[in-house]
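*Asks:* following is a predicted model, sequence given first.
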Amino acid sequence: LVTLYASVHNATGKYVLDLGREQFTVLDSGRLQEISYFGMERRPLAAAIVIDSSYSMKGEPIAAAREAAARFIRTLTPGDRVMVVSFSDDVRVLANLTTNRDTAAAAVAKVDTRGGTALYDAIYQVSDRLSLEEGRKVIVLLSDGRDEAQSGGGGRRRYSIPCTRAHR
């Protein structure tokens, strides 16, 4: 058996929740496949809130990021897990995946600004960590900019994302 998950939304973006087995067709290389089991379920979410805590976020930007993170935590349903990560010159896990909203909210409240912006390191490390989790996963990134960590000899960046340009 192969498990397939589907999310269906209408033209206005609202989820359609009343679909049945007969409204789905599964093809593999153009060949119709039998649907052995069909069920509607909401799988728990593993969410990582990744907050830019670089010096450029000082003041209003970090306050806005903290508030957005706190609002997101309040929207989670029982069974959903959340982790809190901040990054500046390095990546810090402030709260591991937990269903405890108070623990996550307390970690968000502690985020303070310093240093540069190791954005790619944060994305890489959090993605790597979430890849070990089953079910639905999401990264919520709260940042004001781009990767500005130093690279090379004395720099701290470990990962980079190559950029390519189309030339005419």
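*Replies:* Yep, it's here. No experiment lies behind these values; they were computed from the predicted model shown.
*Asks:* please go through the chain and pick out the longest helix.
*Replies:* helix 60-75 (DSSP state H).
*Asks:* show me where this structure dips below the pLDDT cut-off.
*Replies:* Along the chain, the model assigns pLDDT under 70 to residues 149-168.
*Asks:* distance-wise, check the residue nearest the centre of it relative to Arg71.
*Replies:* In the chain, the C-alpha nearest the mean C-alpha coordinate belongs to Ile139, at 0.6 Å (C-alpha atoms, centre = their mean). Separation of Ile139 from Arg71 (C-beta to C-beta, to the nearest Å): 16 Å. C-beta: built from backbone N, CA, C; applies to glycine.
*Asks:* hang on, the earlier thing: the residue nearest to the centre of the chain contacts Leu130, doesn't it?
*Replies:* Yes. Contact status for Ile139 versus Leu130: in contact at 6.9 Å, counting by C-beta atoms under 8 Å.
*Asks:* residue ranges for the helices of this protein, please.
*Replies:* Secondary structure of the chain (DSSP H): helices at 60-75, 101-109, 119-130.
*Asks:* pipe those helices into a markdown table and attach distance to Gly39 and mean neighbour count per row.
*Replies:* A markdown table is the format used below for the helices of the chain (distance: least, C-beta to C-beta, whole Å; neighbours: other C-beta atoms under 10 Å):
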| stretch | distance to Gly39 | mean neighbour count |
| --- | --- | --- |
| helix 60-75 | 25 | 15 |
| helix 101-109 | 28 | 18 |
| helix 119-130 | 25 | 19 |
